[in-house]
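Asks: how would this look folded up:
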Amino acid sequence: MDLKDLDLNLLGVFEAIWEERSVTAAAQRRGLTQSAMSNALGRLRTQVGDPLFVRDGRGMAPTPRAEQLAPYVTDALGLLERGLYATANVDVATVDAEVRMFMTDALSMTLLPSLLNILAAEAPGVNVRLLLTETKGRELERLRRDDAQLAVGVYRSEGSPFRRRRLYNDTFRLVMRRDHPLADGPVDAADLAAYPHVLQSWRGDARGQLDAALEKAGHTRRVRVTTPYFGALAHLVARSDHLALVPGRFAAVLAAEHGLFVAACPLPVPSFSVRMWWTVRHDADPLHRWLRAALVRASASTADSTSTSRLSSIDAP
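Replies: Okay, here's the model as predicted:
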């Protein structure tokens, strides 16, 4: 393949599918129709001479050739992006601005420390304002009204006016106090049913991701407390025999900072993707683009730190 024949727009197509593992999600992220994204992938396959991504269940899995190309594409686009920042004449070191974000307390405890370190070193004049809503799911509605510039979390929405980018994939982990009776050995479904649970729930529902899996195994659990706050959940679990299921990266924070014991969930529960969302009006804004890149860096830094945390019985997600 001669480089002069390569449509550089296809590099963005590659990056989007690589990160989203879905042609539909990649199309939404790039502001294209699904058919246009499929056509672009077809052109890229022809130019590279490899399928690059193949169907794997409900998603798209990279081929070995795609695995080999990914770091080069990411580096190339990152270099180009840094060049565009420079030509936009934005000096983040001198910017005085406030950024409003929607982020749960669990995500703020997981991502914000790394993000604040980046801001302190590179953009000391940028302040962060975290916003909460009374009902989970209204964040995107308020993002559309420009009440905030970014929403970070697990949301479901399709198409314009939103853009989105995956920060990381995660799965749920079981947390308990360090000297809990179950911390001594493997945990099974019967153990989960034997102890009361604390459940994080925005609406106060006493049913979560774990209940269907427990019922399939012939067990039920008692949810003694529901709370909309992950911080309150951690406080209660640390001071009682209650169990809780929480996102894996947040579980690592609780292990490091609150001494909680973390174990893999013995039953299958769905994994999920944490993404950042924004509207098209902010897509090309230089400061916003820099902030999104900073969140990607903060997410990668968090993955590095949680991988070295003292977690027990942790499976790879």
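
Asks: neighbours of residue 225, how many?
Replies: By other Cβ atoms under 10 Å, the residues close to residue 225 number 18. All C-beta spots, glycine's among them, are computed from the backbone N, C-alpha and C.

Asks: wait, a strand at it?
Replies: Yes. Counting by DSSP: H, G, I helix; E, B strand; the rest coil, residue 225 is located in a strand.

Asks: need the strands for the chain, in chain order.
Replies: 53-56, 59-62, 97-102, 126-131, 150-153, 162-170, 172-176, 197-200, 223-227, 244-247, 261-264, 272-279 (DSSP state E).

Asks: what would those strands look like in TSV with distance to residue 19?
Replies: Output for the strands of the chain, formatted as TSV (distance: least, Cβ to Cβ, whole Å):
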stretch	distance to residue 19
strand 53-56	12
strand 59-62	11
strand 97-102	20
strand 126-131	24
strand 150-153	15
strand 162-170	5
strand 172-176	22
strand 197-200	27
strand 223-227	33
strand 244-247	19
strand 261-264	26
strand 272-279	10
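
Asks: now the ones you listed in TSV, with distance to residue 108 and mean pLDDT?
Replies: Compiled in TSV, the strands of the chain are given as follows (distance: least, Cβ to Cβ, whole Å; pLDDT from 0 to 100):
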stretch	distance to residue 108	mean pLDDT
strand 53-56	33	91
strand 59-62	29	89
strand 97-102	9	93
strand 126-131	6	93
strand 150-153	9	93
strand 162-170	13	88
strand 172-176	18	95
strand 197-200	14	94
strand 223-227	16	93
strand 244-247	12	94
strand 261-264	19	94
strand 272-279	12	91
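
Asks: which among those strands is found nearest to residue 30?
Replies: Set against residue 30 and scored by Cβ to Cβ, the strands of the chain come closest in strand 162-170, at 8.7 Å.

Asks: what residues does that closest one touch?
Replies: Strand 162-170 is touched from outside by 19-20, 25, 28-29, 31, 111, 140, 143-144, 152, 247-249, 271-280, 283, 292, 295-296, 299, 302-303, 317, with contacts defined as Cβ atoms under 8 Å, 6 or more residues apart in numbering.

Asks: swap in 7 Å and give it another go.
Replies: By Cβ atoms under 7 Å, 6 or more residues apart in numbering, the residues outside strand 162-170 that reach it are 19-20, 28-29, 140, 247-249, 271-280, 283, 292, 295-296, 299, 303, 317.

Asks: got it, and stretch 274-294?
Replies: Here stretch 274-294 makes contact (Cβ under 7 Å, 6+ apart) with 81, 85, 88, 90, 92, 95, 97, 99, 107, 115, 118, 140, 143-144, 149-155, 160-168, 170, 295.

Asks: one more time with 6 Å, if that's ok
Replies: 85, 88, 90, 92, 118, 149-152, 161-168, 295 (Cβ atoms under 6 Å, 6 or more residues apart in numbering).

Asks: repeat for stretch 13-30
Replies: Outside stretch 13-30, the residues that touch it by Cβ under 6 Å, 6+ apart are 34, 37-38, 40, 44, 53, 59-60, 70, 73, 77, 164, 166.

Asks: filter the contacts of strand 162-170 down to the buried ones.
Replies: For the contacts of strand 162-170, a neighbour count by 16 or more other Cβ atoms under 10 Å gives the buried set as 19-20, 28-29, 140, 247-249, 272-279, 292, 295-296, 299.

Asks: okay, now residue 54: neighbour count?
Replies: Using other Cβ under 10 Å as the criterion, residue 54 is surrounded by 10 other residues.

Asks: ugh, typo on my part, it should be residue 109
Replies: If you count neighbours by other Cβ under 10 Å, residue 109 ends up with 18.

Asks: ok, and the closest non-adjacent residue to it?
Replies: Once flanking residues are discounted, residue 109 sits nearest to residue 253: 5.3 Å by Cβ to Cβ, 6 or more residues apart in numbering.

Asks: alright, that wraps it up for me.
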